[in-house]
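Novice: Predicted model and sequence below, questions to follow.
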Amino acid sequence: MSFSLWPSLATIAPEIGLTLLALILLFLEVYLPKERRVWIAYTSMVGMALLALTPLIWSPPVGGATAWGGMVRHDHLSQVFKVMILLAGSLTSWMAIDSTRLSKQGEFHFIIVIATLGGCLLSATADVIMLFIALETTSIPLYILAAFHRNEARSIEGGMKYFLYGAFTSAIMLFGLSLLFGFTGDTSFIGIAAALSANDGLNQISILVCMIMILVGFGFKISAVPFHFWTPDVYEGAPTPVTAFVSVASKAASFALLLRFLAAVFPEGILIEGQEIQLFWVNLSAAAAAITMTFGNVVALVQRNMKRLIAYSSIAQAGYALMGVTAMAQSGESAVASVSFYLFMYTFTNLLVFAVVLRFAAVSGSDDIRAFAGLSRRSPKLALAMTIGLLSLAGIPPTAGFFGKFFLFTAAVDAGYTWLALLGVINAIVALYYYLVVVKVMYVDRSADDEVLIALPQPVSWLLGVSCVAILLLGTIAVEVIYDWTRLGASSFISALSAAL
Amino acid sequence: MMPLWCYLVVASALFAIGTFGVLTRRNAIVILMSVELMLNSANINLVAFWRYHTPLDMAGQVFAAFVIVVAAAEAAVGLAIIIAVYRHYRSIVVEEVDALRG
């Protein structure tokens, strides 16, 4: 095997950039005087925003390529996801500027950069060794971040629960991976699939057990039911920018991994003891999608805390995206594209909602839904931004959420999962109710401090503005450009797989 | 040489003990220890499969080495979090750490 350095370096350009950025942040932490530490946050934010360009500059060849001894894929799908994750990291650092306790903490931004690095690698994974390392590189920093306010009971408790759950599920996943390695004698996704289709006396049950064990680990990361228990506690307890990052970047990277892993390792046409094993995961994922979205929406109806509400709503959103994963077996390209588009718009939407919650909690000291009463009079801009975010989560045009759901439902119907799409529509209606309740509280209800205005510092209003514009653009004129781009990613991913088999 | 299944039995037993520990114990440190058992059971699998199936390809061994490194990082972070919990609650029994509800 020949190895050429420069083309290989280009495949991990964002990761190299992130490593350098992390070191720069550590140096800044040491050398900047205390009162100018906020520059660390700006450096991190601008740095990651600029690095979001690197996957576009060193763009992958048509059909993609495998680099670093088969560890990472360099294709348009990873390009889409890397841009998404880097933007999420940048917006998270931006959001942290608004938090008095986080803006001057160099190590906070350092750890966010490392978690982003893990997410980028995760979305390009092509080997189970890389899978495990990248997954842990995303998870371990997030355990630290969830417990970052270490004088606050809720934060450390959220951190501990996140850690114990995460460690347990990743150990189960690792055991599944070790068995998969044992059954096939290979660690690359393509190699495992080839060994499975060569099929020398494999047992159906053992492969199924293996697959379920691995999906436990993935299910934890995307907070699919029944591995969602940590989600509300961590979302409520963790510092708000961290919650935003967990709900967006870590989830997007894990979905990228889920698509890659399932499509590459268990593709169509592998028969074990006469049983098509693709059906195993398709059925599992259809069931998980149905249960996850229904559970998330129903429990969200009774929530009183804003962050818990968004936590259950994000469980439901994972359910919608799982619908696209289910559809991947049948409609391939359009399903992968719909999941990527959904996560792309979800990045901006959820970050916007959390930015509003953070600003509001900083002033009022509460993130109870009832405390949001009269927000439209206390800060019209904040209330408007929140409304746009919630409408996008609910999937109302002209916001991005509408097209996100539209593409997912279309993919599901095309793949023959009409019942799943119908369930999705019913769920979207239920969800609309609790989002509109929040809007009603903000615009109609009155509170004792109606007169107390909420000031919007410059960085916050810019953050809100940029996210709102992104959501509205993605729901109107930019939708075609971005969808075509995700479609390109999907087609390069699917065609490379079918060529390999 | 001992047959492969001997190693797999040991690994499965360790995995089962670890899982049992995580599900039944209430002390956070014991849960962490049980998770370490599970990680090490996967390591035994990896090394055994490597030795018996693909002794010429280093992938299995490399995987096991990486797992050891990751397990160390995880234990460091986990113990740090548990210490923070202890400072606050004066307890590391998982049920007693319950400010978050709903």
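Specialist: Received it, and whenever you're ready, just let me know what you need. Numbers count the residues shown, from 1 in each chain, chains lettered A, B, ... in the order given.
Novice: mind listing what residue 68 touches?
Specialist: Picked chain A for this. A:8, A:11, A:12 (Cβ atoms under 8 Å, 6 or more residues apart in numbering or on different chains). C-beta here means a position set from N, CA and C on the backbone, and glycine is covered the same way.
Novice: right idea, wrong chain: chain B
Specialist: Contacts of residue B:68 by Cβ under 8 Å, 6+ apart are residue B:43.
Novice: could you measure residue A:274 against residue A:204, distance?
Specialist: Distance from residue A:274 to residue A:204, counting by Cβ to Cβ, to the nearest Å: 9 Å.
Novice: I meant to write residue A:130 there.
Specialist: 28 Å.
Novice: more crowded one of these two?
Specialist: For residue A:130 versus residue A:204, neighbours defined as other Cβ atoms under 10 Å in any protein chain shown are more numerous around residue A:130 (24 against 14).
Novice: For chain B, see how far away residue A:6 is.
Specialist: The gap separating residue A:6 from chain B is 25 Å, by Cβ to the nearest Cβ, to the nearest Å.
Novice: where's that residue, which helix or strand?
Specialist: Taking DSSP states H and E as the definition, one finds residue A:6 inside helix A:5-11.
Novice: low pLDDT regions in chain B?
Specialist: Within chain B, the segments meeting pLDDT under 70 span B:100-102.
Novice: Kindly confirm whether my reading is correct that residue B:71 touches residue B:37.
Specialist: No. Applying Cβ atoms under 8 Å as the test, residue B:71 and residue B:37 come out as separate, 10.5 Å apart.
Novice: between the two, which one's more packed in?
Specialist: The neighbour count for residue B:71 versus residue B:37, taken as other Cβ under 10 Å, is higher for residue B:71 (22 against 19).
Novice: Identify the residues contacting whichever strand or helix holds residue A:44?
Specialist: In this assignment (DSSP H and E), residue A:44 forms part of helix A:38-51. Applying Cβ under 8 Å, 6+ apart, the contact partners of helix A:38-51 are A:14, A:17-18, A:21, A:24-25, A:28-29, A:32, A:86-87, A:89-91, A:93-94, A:96-97, A:102-106, A:109, A:112-113, A:116.
Novice: Give the buried residues for it.
Specialist: Using 16 or more other Cβ atoms under 10 Å in any protein chain shown as the test for burial, helix A:38-51 gives A:40, A:41, A:43, A:44, A:45, A:47, A:48, A:49, A:51.
Novice: distance between the helix or strand harbouring residue A:295 and the chain's centre?
Specialist: Applying DSSP H and E as the criterion places residue A:295 in helix A:278-300. Once both centres are worked out by Cα atoms, centre = their mean, to the nearest Å, helix A:278-300 turns out to sit 17 Å from its chain's centre.
Novice: Mind giving me the packing neighbours of the following helix or strand past that helix?
Specialist: For helix A:278-300, the succeeding helix or strand toward the C-terminus, using DSSP H and E, is helix A:306-331. Here helix A:306-331 touches helix A:230-237, helix A:240-245, helix A:251-265, helix A:278-300, helix A:333-364, helix A:400-414, helix A:418-443, going by 3 or more Cβ pairs under 8 Å, 6 or more residues apart in numbering or on different chains; DSSP states H and E.
Novice: try 7 Å
Specialist: helix A:230-237, helix A:251-265, helix A:278-300, helix A:333-364, helix A:400-414, helix A:418-443 (3 or more Cβ pairs under 7 Å, 6 or more residues apart in numbering or on different chains; DSSP states H and E).
Novice: Nearest to chain B, out of those?
Specialist: Comparing the helices and strands packed on helix A:306-331 by their distance to chain B (Cβ to the nearest Cβ), the top pick is helix A:230-237, with 4.4 Å.
Novice: what's the residue nearest in space to the middle of chain B in contact with, if anything?
Specialist: The centroid of chain B falls nearest to residue B:36 when counting by Cα atoms, centre = their mean (2.3 Å). By Cβ atoms under 7 Å, 6 or more residues apart in numbering or on different chains, the residues touching residue B:36 are B:71, B:75.
Novice: Look at it and tell me its secondary structure.
Specialist: Recorded secondary structure, residue B:36: helix (DSSP: H, G, I helix; E, B strand; the rest coil).
Novice: if you look at stretch A:203-220, does any of it touch chain B?
Specialist: No. Counting by Cβ under 7 Å from any Cβ of the partner chain, chain B has no neighbours in stretch A:203-220; the shortest distance is 9.8 Å.
Novice: Can I get that stretch in PDB? Just the C-alpha atoms.
Specialist: Backbone C-alpha positions of stretch A:203-220 (Å, rounded to 0.1, in the frame of the first residue of the first chain) are rendered in PDB as follows:
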ATOM      1  CA  ASN A 203     -25.100 -18.100  13.500                       C
ATOM      2  CA  GLN A 204     -28.100 -15.800  13.000                       C
ATOM      3  CA  ILE A 205     -28.700 -15.300  16.700                       C
ATOM      4  CA  SER A 206     -25.100 -14.300  17.400                       C
ATOM      5  CA  ILE A 207     -25.100 -11.700  14.700                       C
ATOM      6  CA  LEU A 208     -28.400 -10.300  16.000                       C
ATOM      7  CA  VAL A 209     -27.100 -10.100  19.600                       C
ATOM      8  CA  CYS A 210     -23.900  -8.400  18.300                       C
ATOM      9  CA  MET A 211     -25.900  -5.900  16.400                       C
ATOM     10  CA  ILE A 212     -28.200  -5.100  19.300                       C
ATOM     11  CA  MET A 213     -25.200  -4.600  21.600                       C
ATOM     12  CA  ILE A 214     -23.700  -2.100  19.200                       C
ATOM     13  CA  LEU A 215     -27.000  -0.300  18.700                       C
ATOM     14  CA  VAL A 216     -27.200   0.200  22.500                       C
ATOM     15  CA  GLY A 217     -24.200   2.400  22.300                       C
ATOM     16  CA  PHE A 218     -25.500   4.400  19.400                       C
ATOM     17  CA  GLY A 219     -29.000   4.600  20.900                       C
ATOM     18  CA  PHE A 220     -27.500   6.200  24.000                       C
END
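Novice: residues making contact with it?
Specialist: Contacts of stretch A:203-220 (Cβ under 7 Å, 6+ apart): A:165-166, A:169-170, A:172-173, A:175-177, A:179-180, A:183, A:227, A:254, A:257-258, A:266, A:272-273, A:275, A:277, A:280-281, A:284.
Novice: let's see 6 Å
Specialist: A:169-170, A:172-173, A:175-176, A:179-180, A:227, A:258, A:272-273, A:275, A:280 (Cβ atoms under 6 Å, 6 or more residues apart in numbering or on different chains).
Novice: Now, these that are in strands?
Specialist: A:272, A:275 (DSSP state E).
Novice: The closest residue to chain B within the stretch 351-500 of chain A and residue A:185, how far apart?
Specialist: Closest approach between the stretch 351-500 of chain A and chain B, counting by Cβ to the nearest Cβ: residue A:368, at 11.3 Å. Using Cβ to Cβ, residue A:368 is found at 55 Å from residue A:185.
Novice: More neighbours: which of these two?
Specialist: Taking other Cβ under 10 Å, residue A:368 and residue A:185 do not tie; residue A:185 has more neighbours (17 against 13).
Novice: per-residue confidence for the more buried one?
Specialist: We have a pLDDT of 89 for residue A:185.
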